[in-house]
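Visitor: can you look at this prediction? I've put the sequence above it.
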Amino acid sequence: MPFDSGDFDAHERVLFVADRPSGLRAIVAIHDTRLGPAIGGCRARAYASEAEAVADVLRLSRGMTYKAACSGLPFGGGKSVVLLRPGQSLHAGMLRALGGAIEQLRGDYITGEDMGTSSQDMATLREVTRHVMGAPADLGGSGDPSASTAFGCLVGMRAAVRRRFGRETLRGLRVAVQGLGHVGWRLCELLATEGAVLLVADVREDIVRRAEHLFGATAVPSDRIAQCEADVYAPCALGGTLDETSIAQLQAGVVAGAANNQLRTAADADRLAARGILYAPDYVINAGGMVQLGLEHLGRLRELQPRLQGIGDTLEQVFADAERHGTSTAAAADALAQERLAAAGAPRG
Ligand code: NAD
């Protein structure tokens, strides 16, 4: 089935894992290891179908190859997904079975937390495999990577604002944040400290009220946040919020947020560019969490802050390349990743 999937992109290995005693059904996809072992989190979801799970893991693992290549760290791209049945929750038995499968890959795939998994789950995986990062700090890991993702996003937003508006700080700029979860909330904390004016949306009313109270944020309905009057739009919830319709209505001059797969189609990058909206490519600006987990694996966590600051430098390079070659910033980021991959040799998949 994966060979027929439109998302199959000569992945090196796709492993289907079934463990009857625990009820685990999982897929591990290793997309590309030319630059190093494949790194990428483990997502647990009740997928509508197996085909949907296959498409998700293939797309996400490919995205990790590009993210890792742009980060400049010696890692390739991979991802794993756990297919939950309706009403089924992820439990320790399933995690241990998955950990056993990851261990058999002998370090070719390194996992971490993602949607539907937690740093505590990473601690459970660690009972059976060394190839897992992001367990809680008191259990020897580097913990939830969301804070690093949020900080990298702030650094990237500053770079985009400098380029688009010629301003050195975010003070007084209106930033519309969609999604106040692990990353979005921390990003709001950082933005409020910088003096940005916050407009926020989340489907959870309680968290929106807290943002109003703590950050003086203005609440915007979820279906209006992408179109509200703001200088920067920061999608930090779902992917695919940028399409022909939403881009035509966007008022912000910069799109800089943490969500994965923000563009509905590749053509949306050109639509943003045509409207003069500067897009910080998602997998470059949201690489902070991956950088943290990668540095934990390398035993080089002391480099975390400079490496997160480096996200701004990478974005500046991407913006400059796009201008020089007359392409979208998304195409420039793809070209940067492809150049680094090509320098590492021919694909192995
Ligand atoms: P999360 O699940 O903690 O938060 C998502 C938030 O979005 C939740 O508060 C949810 O209620 C809200 N939300 C859902 N639908 C919404 C809608 N239609 N409108 C407004 N809000 C909505 O997830 P997270 O870890 O904060 O990640 C956010 C995004 O960033 C995801 O796309 C994720 O893939 C991406 N990302 C996260 C990390 C990380 O380190 N956590 C790293 C890279 C990329």
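Guide: On my side now, so go ahead.

Visitor: got the phi/psi numbers for the residue in the chain that the ligand sits nearest to?
Guide: Residue nearest to the ligand within the chain: Gly181 (1.7 Å; C-beta to the nearest ligand atom). Every C-beta, even on glycine, is put in place using the N, C-alpha and C of the backbone. Reported as degrees, to the nearest 10, the phi and psi values for Gly181 are phi -90, psi -150.

Visitor: can you give me the neighbour number for the nearest residue to Asn261 once chain neighbours are set aside?
Guide: Spatial nearest neighbour of Asn261, excluding adjacent residues (C-beta to C-beta, 6 or more residues apart in numbering): Gly239 at 3.4 Å. If you count neighbours by other C-beta atoms under 10 Å, Gly239 ends up with 15.

Visitor: pretty sure Gly239 sits in a helix.
Guide: No. Going by DSSP: H, G, I helix; E, B strand; the rest coil, the assignment for Gly239 is coil, not a helix.

Visitor: is it true that it touches Ala259?
Guide: Yes. Applying C-beta atoms under 8 Å, one finds Gly239 in contact with Ala259, separated by 5.5 Å.

Visitor: tell me, what's touching the two both at once?
Guide: Asp282 (C-beta atoms under 8 Å, 6 or more residues apart in numbering).

Visitor: now do the contacts for Leu125.
Guide: Cys42, Leu95, Arg96, Leu98, Gly99, Ile102, Thr111, Val132, Ala135.

Visitor: so which strand or helix has the third one?
Guide: When elements are defined using DSSP states H and E, Arg96 is found to belong to helix 92-104.

Visitor: quick one: distance of stretch 176-191 to the chain centre.
Guide: 14 Å (C-alpha atoms, centre = their mean, to the nearest Å).

Visitor: check which residues of that stretch are buried.
Guide: 176-180, 182-191 (16 or more other C-beta atoms under 10 Å).

Visitor: what are the contacting residues of that stretch?
Guide: Here stretch 176-191 makes contact (C-beta under 8 Å, 6+ apart) with 144, 146-147, 149-151, 153-154, 170, 175, 198-202, 204, 207-208, 211, 215, 217, 220, 222, 225-226, 228, 230, 232-238, 241, 252, 257-259, 286.

Visitor: again, but for stretch 14-23
Guide: By C-beta under 8 Å, 6+ apart, the residues outside stretch 14-23 that reach it are 2, 24-30, 54, 57-58, 85, 88, 91, 93-94, 96-98, 101, 105.

Visitor: show me which pair in the buried residues of stretch 176-191 is furthest apart.
Guide: The span of the buried residues of stretch 176-191, defined through C-beta to C-beta, is set by Ala176 and His182 at 18.6 Å.

Visitor: of the contacts of Leu125, buried ones?
Guide: Members of those classed as buried by 16+ other C-beta under 10 Å are Cys42, Leu95, Arg96, Leu98, Gly99, Ile102, Thr111, Val132, Ala135.

Visitor: ok so Val177 is a helix residue?
Guide: No. Judged by three-state DSSP, Val177 forms no part of a helix; its state is strand.

Visitor: offset the numbering so it begins at 534, please.
Guide: Sure thing, new numbering starts at 534, so read that last one as Val710.

Visitor: and it, how far from Asp756?
Guide: According to C-beta to C-beta, to the nearest Å, Val710 and Asp756 sit 15 Å apart.

Visitor: for the stretch 534-683 of the chain, what lies in contact range of the ligand?
Guide: Contact residues (C-beta under 6 Å from any ligand atom) of the stretch 534-683 of the chain with the ligand: Met648, Pro678, Ser679, Thr682.

Visitor: narrow the residues you listed to just the buried residues.
Guide: Pro678, Ser679, Thr682.

Visitor: could these go into CSV alongside secondary structure and pLDDT?
Guide: Below are these laid out as CSV (DSSP: H, G, I helix; E, B strand; the rest coil; pLDDT from 0 to 100):
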residue, secondary structure, pLDDT
Pro678, coil, 95
Ser679, helix, 96
Thr682, helix, 98
